[in-house]
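1. any chance you can model this:
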Amino acid sequence: MGTTPPPAPVGYGRQREVSFLQDGVPPPSALYIGPGEGLELRAASLDVGTYVRLYLRMLDPQGKIIPHRFEFVTAAAGAANTWRLPLSEGFLLSAAVDMNVGGIRPGRVYTRLDLIQIGAGVVYPRYTLISGYLSLNDHLMWPPAHSERIGSGRGNIQLLQSAAPAAGAELVVVVTAATINRMISVRFTLTTAVAAGNRVLTLQYAAFGGPYWEGGANVAQPPSTTYTYVASTAPVQGPLGNNVYAIPLPPDLCLFPGSTLTTATVGIAAADQYTLAQEYVEQWILVP
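-> As a prediction, this is how the structure comes out:
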């Protein structure tokens, strides 16, 4: 008794229905990595030891797809890190950049991937594939080219504090170094001494070597009183109740290295005292 052979799989013995052109075929990618060319990845993070990963898919001249995976670690917080990757000749099919650590909020890590030409020790940028901010759920891919300028997109909502000044001194609002900070609100208190005369407070913003904006609560604070001032992007000015006064801020006021936001108090006395300031900001790393 013979053994019955298994049934042939569906489609077995059929003629091939799909054919591929062999002449006049467009290239599989718009980007060919030639001799002496490679990629340069730059990254900066406000956190020390951020792991940045780069994934590539290459097609070599023999038609073989070669995947690459690289992992880099940022050094000092706020510093730029640069890694250069010489690659073999072939088509770059895709590139992606992400992170392998959670808890990194938007705006804290910036990365840029460029095609470069290396000649006689000099690097010549050729083409930017990816530039933008990374977070755990915001990985970046090419193609198409992804371009995001510094200080754009979603930032990190951050609560900062500026130290209280000495008695009789003006309050200076400070932010994290190497960052761009869009001001959402600033809150502080002024306690006036018994010295006669009202105090009139304004906030002054300066950038690029000159004054840019000035605004106040339009109120005179008497001696021996404690007033709280809240500067925010809400279009409100003046008393809010319980000795709290509002100062309207411009909607896109940003603090960055070289800019200042300070109080200017007419009639300030030597024993008048500002408290620390609390600032809510939307923050992005400023890539050096």
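2. and the strands in the stretch 151-288 of the chain?
-> Along the stretch 151-288 of the chain, counting by DSSP state E, counting those that start in this stretch, strands occupy 156-162, 172-173, 179-191, 199-207, 210-221, 226-232, 238-241, 244-248, 254-255, 260-266, 273-274, 277-285.
3. want to try JSON lines for the ones you listed, with distance to I33, mean neighbour count and mean pLDDT as columns?
-> Backbone N, C-alpha and C define where each C-beta goes, glycine included. As requested, the strands of the stretch 151-288 of the chain are arranged in JSON lines below (distance: least, Cβ to Cβ, whole Å; neighbours: other Cβ atoms under 10 Å; pLDDT from 0 to 100):
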{"stretch": "strand 156-162", "distance to I33": "35", "mean neighbour count": "16", "mean pLDDT": "92"}
{"stretch": "strand 172-173", "distance to I33": "48", "mean neighbour count": "19", "mean pLDDT": "92"}
{"stretch": "strand 179-191", "distance to I33": "34", "mean neighbour count": "21", "mean pLDDT": "96"}
{"stretch": "strand 199-207", "distance to I33": "42", "mean neighbour count": "18", "mean pLDDT": "94"}
{"stretch": "strand 210-221", "distance to I33": "46", "mean neighbour count": "15", "mean pLDDT": "92"}
{"stretch": "strand 226-232", "distance to I33": "51", "mean neighbour count": "19", "mean pLDDT": "97"}
{"stretch": "strand 238-241", "distance to I33": "61", "mean neighbour count": "12", "mean pLDDT": "95"}
{"stretch": "strand 244-248", "distance to I33": "53", "mean neighbour count": "19", "mean pLDDT": "97"}
{"stretch": "strand 254-255", "distance to I33": "39", "mean neighbour count": "22", "mean pLDDT": "92"}
{"stretch": "strand 260-266", "distance to I33": "47", "mean neighbour count": "18", "mean pLDDT": "95"}
{"stretch": "strand 273-274", "distance to I33": "58", "mean neighbour count": "22", "mean pLDDT": "98"}
{"stretch": "strand 277-285", "distance to I33": "29", "mean neighbour count": "22", "mean pLDDT": "94"}
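4. nearest to A96, of these?
-> Shortest distance between A96 and those, using Cβ to Cβ, is found for strand 277-285: 20.6 Å.
5. how far is that closest one from where the chain is centred?
-> Strand 277-285 has its C-alpha centroid displaced from the chain centroid by 12 Å (Cα atoms, centre = their mean, to the nearest Å).
6. the residue nearest to L113 when sequence neighbours are not counted bridge partners, please.
-> Of all residues not flanking L113 in the chain, I130 sits nearest, at 4.1 Å (Cβ to Cβ, 6 or more residues apart in numbering). For I130, the beta-bridge partners under DSSP bridges are L113, H146.
7. return the per-residue confidence for I130.
-> What the model reports for I130 is a pLDDT of 94.
8. tell me, how many residues neighbour it?
-> I130 has 24 neighbouring residues, counting by other Cβ atoms under 10 Å.
9. look up how far L31 lies from it.
-> For I130, the distance to L31 equals 12 Å [Cβ to Cβ, to the nearest Å].
10. for A44, find the nearest of the strands of the stretch 151-288 of the chain.
-> Once the strands of the stretch 151-288 of the chain are compared by Cβ to Cβ, strand 277-285 is nearest, at 5.6 Å.
11. make JSON lines from the strands of the stretch 151-288 of the chain and add distance to G49 to it.
-> Formatted as JSON lines, the strands of the stretch 151-288 of the chain follow (distance: least, Cβ to Cβ, whole Å):
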{"stretch": "strand 156-162", "distance to G49": "18"}
{"stretch": "strand 172-173", "distance to G49": "30"}
{"stretch": "strand 179-191", "distance to G49": "19"}
{"stretch": "strand 199-207", "distance to G49": "33"}
{"stretch": "strand 210-221", "distance to G49": "37"}
{"stretch": "strand 226-232", "distance to G49": "35"}
{"stretch": "strand 238-241", "distance to G49": "44"}
{"stretch": "strand 244-248", "distance to G49": "40"}
{"stretch": "strand 254-255", "distance to G49": "27"}
{"stretch": "strand 260-266", "distance to G49": "32"}
{"stretch": "strand 273-274", "distance to G49": "37"}
{"stretch": "strand 277-285", "distance to G49": "15"}
